[in-house]
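S.K.: fold the following, please.
(2 chains)
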Amino acid sequence: MVRFFKASRKQAIAFILCLVPFSAFAGIAVIANASVTATALTPEQVSDIFLGKARTFPNGEKAIPIDQGMNSSTRDAFYLTVLKKSDSDMKSYWSHVVFTGKGHPPLQQEGGDEAIKALVQKNPTLLGYVDSKSVDTTVKVLLTVE
Amino acid sequence: MKNIKHAALILGLVYLPTSMAFPEYHLSGYLSAAGAVSDAGQVWAPILNTSTLPTNAASETAPTFVNTLTHPEIETYNSKPDFQQDSLVGLHGDLTFNDQFSMSVEVAAKGENNWELDTELAYLKYQLNDNWFARAGRLRVPVFMYSENIEVGYDHVWIRLPLEVYALDPHTNYSGADVNYKGIIGGQTLGAQLYYGSLDDNFSGFYQAQTLRYRQMIGANFTVSNDFVKLRAGYNEANLSWVPASGFAQALQAYATALQPTAVSDFDFNGTKVAYTDLGAIFNYANLQLQGEWIKQDSNSAGVAVQKAWYSTLSYRLGDVTPYIGYSALKTTDKNRRNYSGTFGTNVNQILAAINQDQETYTAGLRYDIAQNTAIKFQVDNIKAVHNTAGLFNVYPNNDVRLYSATIDIVY
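M.R.: Just a heads-up that it's a prediction; the model follows:
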């Protein structure tokens, strides 16, 4: 049952990403507080922050990654398109990191894009991601991946 | 893995605009429930038993895995199904006080230790900046590529780490301190570790309680990695003393004093230098993974063998299923150091031959990630003691020994 669910979800994401890119799913926007001085991040820099390899923006400002909830399709799309990692890849990665005492997975926030934007608006250290169609002027977009 | 702080901490983030809410708590755990059985049959020849010297009391039974002379506490398998040796449950907790200081504790109960609860890790960590951190307390002995997560079966493709390599140093933790660097340079993640410490290994053998004391443990390990390759190199050494000087060692020394004085120092296990040089590599290409590790154990005493060991494993991930094959080998390269002449040699050479361990293992297995935090594995090992040694068995096996194993590995 678990496998069926995992497979169904991934297939649905793949379908959305590959076949209907201009309909429901526009892309992933990596967002930060509007006061952050960084103007853009590369996928590699975003990946380093979300994998716990970097704890700051390139200019040295503190960066804390914030994840969407486990059942978020935006989360799956973010990891597949930006980090090029599957759920299983990330589980294996964090298992290794946690038990070797080298870090912890990002905090999670349920509530989807609006909840992430609300947190990012209030905290200049947070780095989050939303569906790019949810972006507005209250947050700064540092990377967009179609 | 369970992160138990989310809701409260997220709320805290809203009201703490520039910092995390401290203290943070993280609690994680791991579990392996495993069973193994071998087809070990008749004994080819028991280790020589003489009336003049103590022996390791090897009996003429079917061979069980791993030489009890040198590794009395690690895995033993035989033709009776065993559900203890590879089974364990552990709990890992982190408490972060602020951006600089945190504390970690890990406890585990292992079947091989009759489920006695042990403190595997207990250390204070100081994070100087993004790149440097130091730890002090009870830490992992970092000899091998997989030392830091040696207990977490879910993290490994195999059911158990290749014993030819990982049995060389069966100690999993020490008391001391380390300094670590981790940084990204030119797209490569670089890591370095320098440590110093000590450990006591208490065990029963030769009819009395024994302690192997490792002092002045010092080592340096380096890694470089990217998405496709991880390379590791390390050097670790320690001064080893056997306390109290066992009846076995004392008898050998007394015997050597009478018959072969030049050999007396060979059995003085007080301050024996033991060193490990380890090289490891993991290559990832698409769904293919090739990994290997090579290690050399050096010593300045004939009582501790100079040995080389290595393994290589190829695995291919097909969705949730990962079949793998591997080869591992152990070779003792200083057999001549324990080949004495005259009457002394006649009486002790065969006993000391137990220190010579040459072995080859072919492994095939299947990992099935049945859920996001759960893997089940099946593995067959074909183990062969070679070059007229007992390998990692306590007695000489007659034929190749097949070891059949299955496990369920969980992290939470």
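S.K.: and residue B:301, what does it touch?
M.R.: Neighbouring residues of residue B:301 by C-beta atoms under 8 Å, 6 or more residues apart in numbering or on different chains: B:265, B:266, B:267, B:268, B:269, B:272, B:273. Bear in mind the C-beta positions are built from the backbone N, C-alpha and C, glycine included.
S.K.: could I get those residues as a markdown table with pLDDT, secondary structure and neighbour count?
M.R.: Listed next are those as a markdown table, based on pLDDT from 0 to 100; DSSP: H, G, I helix; E, B strand; the rest coil; neighbours: other C-beta atoms under 10 Å in any protein chain shown:
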| residue | pLDDT | secondary structure | neighbour count |
| --- | --- | --- | --- |
| B:265 | 81 | helix | 12 |
| B:266 | 81 | helix | 21 |
| B:267 | 78 | helix | 24 |
| B:268 | 78 | coil | 17 |
| B:269 | 78 | coil | 22 |
| B:272 | 89 | strand | 19 |
| B:273 | 93 | strand | 14 |
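S.K.: any chance of CSV for those residues, columns distance to chain A?
M.R.: Formatted as CSV, the contacts of residue B:301 follow (distance: C-beta to the nearest C-beta, whole Å):
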residue, distance to chain A
B:265, 40
B:266, 39
B:267, 39
B:268, 38
B:269, 33
B:272, 30
B:273, 28
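S.K.: and the furthest pair within those residues?
M.R.: B:267 and B:273 (15.4 Å; C-beta to C-beta).
S.K.: quick check, pLDDT for the closest residue to chain B within chain A.
M.R.: Here chain A gets closest to chain B at one residue, residue A:100, 3.9 Å apart by C-beta to the nearest C-beta. Per-residue confidence (pLDDT) for residue A:100: 86.
S.K.: can you pull out the strands in chain A?
M.R.: Counting by DSSP state E, chain A has strands at residues A:28-33, A:64-68, A:107-109, A:126-131, A:139-145.
S.K.: what helices or strands is the shortest one leaning on?
M.R.: In other words, strand A:107-109. With contacts taken as 3 or more C-beta pairs under 8 Å, 6 or more residues apart in numbering or on different chains; DSSP states H and E, strand A:107-109 sits against strand A:64-68, helix A:112-122, helix B:6-15.
S.K.: one step back: which of the contacts of residue B:301 lies closest to residue B:196?
M.R.: The closest of the contacts of residue B:301 to residue B:196 turns out to be residue B:273 (C-beta to C-beta; 15.3 Å).
S.K.: and the closest one, how far from residue B:257?
M.R.: In this view, residue B:273 and residue B:257 are 23 Å apart by C-beta to C-beta, to the nearest Å.
S.K.: do the same with residue A:43
M.R.: According to C-beta to C-beta, residue A:43 and residue B:257 sit 70 Å apart.
S.K.: those two - which one has more neighbours?
M.R.: Taking other C-beta atoms under 10 Å in any protein chain shown, residue A:43 and residue B:257 do not tie; residue A:43 has more neighbours (15 against 12).
S.K.: point out where chain B drops to low pLDDT.
M.R.: Within chain B, the segments meeting pLDDT under 70 span B:1-22, B:41-76, B:204-209, B:244-248, B:398.
S.K.: how far away is the residue in it that chain A sits nearest to from residue B:211?
M.R.: Residue nearest to chain A within chain B: residue B:148 (3.9 Å; C-beta to the nearest C-beta). Using C-beta to C-beta, residue B:148 is found at 26 Å from residue B:211.
S.K.: with neighbour numbers in mind, choose between those two.
M.R.: Using other C-beta under 10 Å, the more surrounded residue of residue B:148 and residue B:211 is residue B:148, with 22 against 13.
S.K.: burial of the closest residue to that one other than its chain neighbours, as a residue count?
M.R.: Nearest residue to residue B:148, sequence neighbours excluded (C-beta to C-beta, 6 or more residues apart in numbering or on different chains): residue A:100, at 3.9 Å. The number of residues packed near residue A:100 is 18, by other C-beta under 10 Å.
S.K.: residue A:100 is in contact with residue B:150, isn't it?
M.R.: No. Using C-beta atoms under 8 Å, residue A:100 is not in contact with residue B:150; the gap is 9.9 Å.
S.K.: how about the residue lying closest to residue B:299 once chain neighbours are set aside, what does it touch?
M.R.: Leaving out its chain neighbours, the residue that sits closest to residue B:299 by C-beta to C-beta, 6+ apart is residue B:274, at 5.0 Å. Contacts for residue B:274 (C-beta under 8 Å, 6+ apart) come out as B:214, B:237, B:238, B:239, B:240, B:297, B:298, B:299, B:304.
S.K.: before we move on, which element is the last one in?
M.R.: Read that as residue B:304. Counting by DSSP states H and E, no helix or strand carries residue B:304.
S.K.: cool, the fifth one as well?
M.R.: Per DSSP H and E: residue B:240 is located in strand B:229-243.
S.K.: distance between that strand and the chain's centre?
M.R.: Distance of strand B:229-243 from the chain centroid (C-alpha atoms, centre = their mean, to the nearest Å) equals 11 Å.
S.K.: now swap in stretch A:126-133 and tell me
M.R.: With C-alpha atoms, centre = their mean, you get 7 Å for stretch A:126-133.
S.K.: could you measure from residue B:95 over to residue B:25?
M.R.: Taken as C-beta to C-beta, the span from residue B:95 to residue B:25 is 6 Å.
S.K.: which one of these two is surrounded by more residues?
M.R.: More crowded of residue B:95 and residue B:25, by other C-beta under 10 Å: residue B:95, with 16 against 13.
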